[in-house]
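Q: Sequence plus the predicted model coming up.
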Amino acid sequence: MKPRTTSGVLITCLLAMVCCVNCAVPAQPRRVFARVEATEGERFFQYFAHIRSLSLKALHRELVQQDVAFAQSHSVEDRLRLALLLSLPDTDFGNSLYALELLQAYLNEPAQHHTRFMDIATLLVTFLQNQKQMKIYESLAQQLQKDLDKTELQLATQQQLSKKLQDQLDTQRSLHQSLSKQLQEALSEKERQLAMQQQLNKKLQDERKNVKRLQEKIEKIKDIEKSLIERERKDNKGT
């Protein structure tokens, strides 16, 4: 017998409800229908709706009960319910790896005696694999964000270091300019003092020359005076 899918079950239920409404005649006496037992798929999704309404504490109790039930019965329905509990998001007992093991063990059985549960098991496996893939993507995204934050921190540190080095360079450049200016002023002062020294030396040399000329003139005057004195002596002796 071909297994029913979830959409097939829902469509069948809707069609049955529509037929019942269209065929209902108020004048006729009420008919009593035999209670139709829920299919395995319907029971599974009813169970899913039930556990989604439970608190986290109640889910813990449900997990323990379902684990015990599966250990005792090893039925496919208990297996799928346990895998469903383990795959619920936002719980502290979720174990997607164990849930996948339970489902794969059922799907890999050589002879399926409960093929009506195949679609449900496949659906859960697909959900868990997609969930696992999403966790991988989230992990990669978080790692990329961490790398980006680290790169931004390194960039900010590099910018701070660059600014610090630039400030030091500006300080060194300002100091160099100040020292260069002081050195230039000192050289200018030295050149001025050297020029003054040269002027003083020239004046000193000129003064020495003047003194030498004066000395020579004085010597000549002395010679003249000496000659005059001797001539006067000679003239006095002659008289």
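A: Done, it's in.
Q: longest helix in this protein, by residue count?
A: Secondary structure of the chain per DSSP state H: the longest helix is helix 118-238.
Q: Okay, T171 and S180: tell me how far apart.
A: According to C-beta to C-beta, to the nearest Å, T171 and S180 sit 15 Å apart. Just so you know, the C-beta spots here come from the backbone N, C-alpha and C atoms, and that holds for glycine as well.
Q: L148 too?
A: Taking C-beta to C-beta, one finds L148 at 46 Å from S180.
Q: check contacts around Q184.
A: Taking C-beta atoms under 8 Å, 6 or more residues apart in numbering, we find Q184 in contact with no residue.
Q: pLDDT score for the residue nearest the centre of the chain?
A: Taking C-alpha atoms, centre = their mean, the centroid of the chain lies closest to D149, which sits 1.2 Å from it. D149 carries a pLDDT value of 84.
Q: With L14 instead?
A: 33.
Q: Next, count neighbours for G41.
A: Neighbours of G41 under the rule other C-beta atoms under 10 Å: 20.
Q: Over to F70?
A: Using other C-beta under 10 Å, F70 has 19 other residues around it.
Q: what helix or strand does the closest residue to it other than its chain neighbours sit in?
A: Leaving aside its chain neighbours, F70 sits nearest to D78 (4.1 Å; criterion: C-beta to C-beta, 6 or more residues apart in numbering). Secondary structure from DSSP states H and E places D78 in helix 76-86.
Q: for that helix, packing partners?
A: Packing contacts for helix 76-86, counted by 3 or more C-beta pairs under 8 Å, 6 or more residues apart in numbering; DSSP states H and E, involve helix 40-52, helix 56-73, helix 96-107, helix 118-238.
Q: and of the ones you listed, who's closest to A83?
A: Among the helices and strands packed on helix 76-86, helix 96-107 comes nearest to A83, with 4.3 Å by C-beta to C-beta.
Q: tell me the mean pLDDT over the closest one?
A: Mean predicted confidence for helix 96-107 is 90.
Q: so what does it touch, helix or strand wise?
A: When contacts are defined as 3+ C-beta pairs under 8 Å, 6+ apart, helix 96-107 packs onto helix 76-86, helix 118-238.
Q: Deepest-packed of these, please.
A: Ranked by mean neighbour count, those are led by helix 76-86 with a mean of 22 (mean count of other C-beta atoms under 10 Å).
Q: from the chain's centre, how far out does that helix sit?
A: 41 Å (C-alpha atoms, centre = their mean, to the nearest Å).
Q: now stretch 189-206
A: 71 Å.
Q: same question, stretch 175-185
A: For stretch 175-185, the distance to the chain centre is 46 Å (C-alpha atoms, centre = their mean).
Q: I appreciate the help and will end here.
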